[in-house]
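1. fold the following for me, if possible:
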Amino acid sequence: MHYGPYLKEMLKDKCGYSRIKGNGEDSINVLKFVQNNKNKLLRHDIILFNCGLHDIKLNKGKTEKQVPIKQYEKNLKEILSELKKAGIVIWVRITPVDDKRHNRIVKDFSRFNKDVLTYNRVADKVMAENKIQTIDLYKFTKNLGNNLFCDHVHFKSEIRKLQAAYIAGRIGKIL
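-> As a prediction, this is how the structure comes out:
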């Protein structure tokens, strides 16, 4: 969502760009969006998708993630069963979370990087099984250093630009 405007600008001479309005939220909402927009999605040559950062939320007083890992895996498989009917599908791995920073700022739910790693592993397995190309935005972002965030989980503008450039470069190799 946040690197989107930069990515759109970087891809303007290569392809059109559109995205889900607002925030796709968790894999349940992404699945609903995909199911409700099948015909529109089939018109795209490349579909770049990501979900998981909302799935790993642990609401205060709860013992399970917003979307438990088995449900997340099932959702990804169902999303792919629809998206693979379109053109090229590319998965973007979930980006890092700074546990201390996030959980100090946000009081109604927690997020932990260990869950990002777990959900990324499950997504990696699903994508490999379905022969889906992956952009490792987790590793790319993690390698940018420690001063990444402007708040609890969103990246500074200069980091967003770098993420967009990385994604545009990967997409450019496909086009």
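
2. test my guess that residue 55 contacts residue 30.
-> No. If you go by C-beta atoms under 8 Å, residue 55 and residue 30 don't touch, sitting 9.5 Å apart. C-beta: built from backbone N, CA, C; applies to glycine.

3. which helices and strands does the lowest-mean-pLDDT helix or strand in the chain pack with?
-> One helix or strand of the chain scores below all others by mean pLDDT, DSSP states H and E: helix 38-41, with a mean of 85. Of the remaining helices and strands, those touching helix 38-41 by 3 or more C-beta pairs under 8 Å, 6 or more residues apart in numbering; DSSP states H and E are helix 69-83.

4. mind listing residues that contact the helix it packs on?
-> 27-28, 30-31, 34-35, 38, 41, 47, 49, 51-52, 55, 67, 89, 118-119, 122-123, 125-126, 130, 132 (C-beta atoms under 8 Å, 6 or more residues apart in numbering).

5. next one: phi and psi at the residue most central in space within the chain?
-> The structure's the chain has its C-alpha centroid closest to residue 50; by C-alpha atoms, centre = their mean the separation is 2.6 Å. Backbone geometry at residue 50, expressed as degrees, to the nearest 10, gives phi -160, psi 140.

6. quick check, pLDDT for residue 46.
-> Looking at residue 46, its pLDDT reads 87.

7. ok, it - how many residues close by?
-> Residue 46 has 17 neighbours, counted by other C-beta atoms under 10 Å.

8. phi, psi for it please.
-> Dihedral angles (degrees, to the nearest 10) for residue 46: phi -130, psi 130.

9. excluding covalently adjacent residues, which one is nearest to it?
-> Nearest residue to residue 46, sequence neighbours excluded (C-beta to C-beta, 6 or more residues apart in numbering): residue 88, at 4.7 Å.

10. measure that neighbour to residue 65 for me?
-> 30 Å (C-beta to C-beta, to the nearest Å).

11. looking at those two, which one has more neighbours?
-> Using other C-beta under 10 Å as the criterion, residue 88 and residue 65 rank with residue 65 on top: 23 against 16.

12. the more buried one: what secondary structure?
-> Under the three-state scheme (DSSP: H, G, I helix; E, B strand; the rest coil), residue 65 adopts coil.

13. give me the pLDDT for it.
-> 96.

14. I appreciate the help and will end here.
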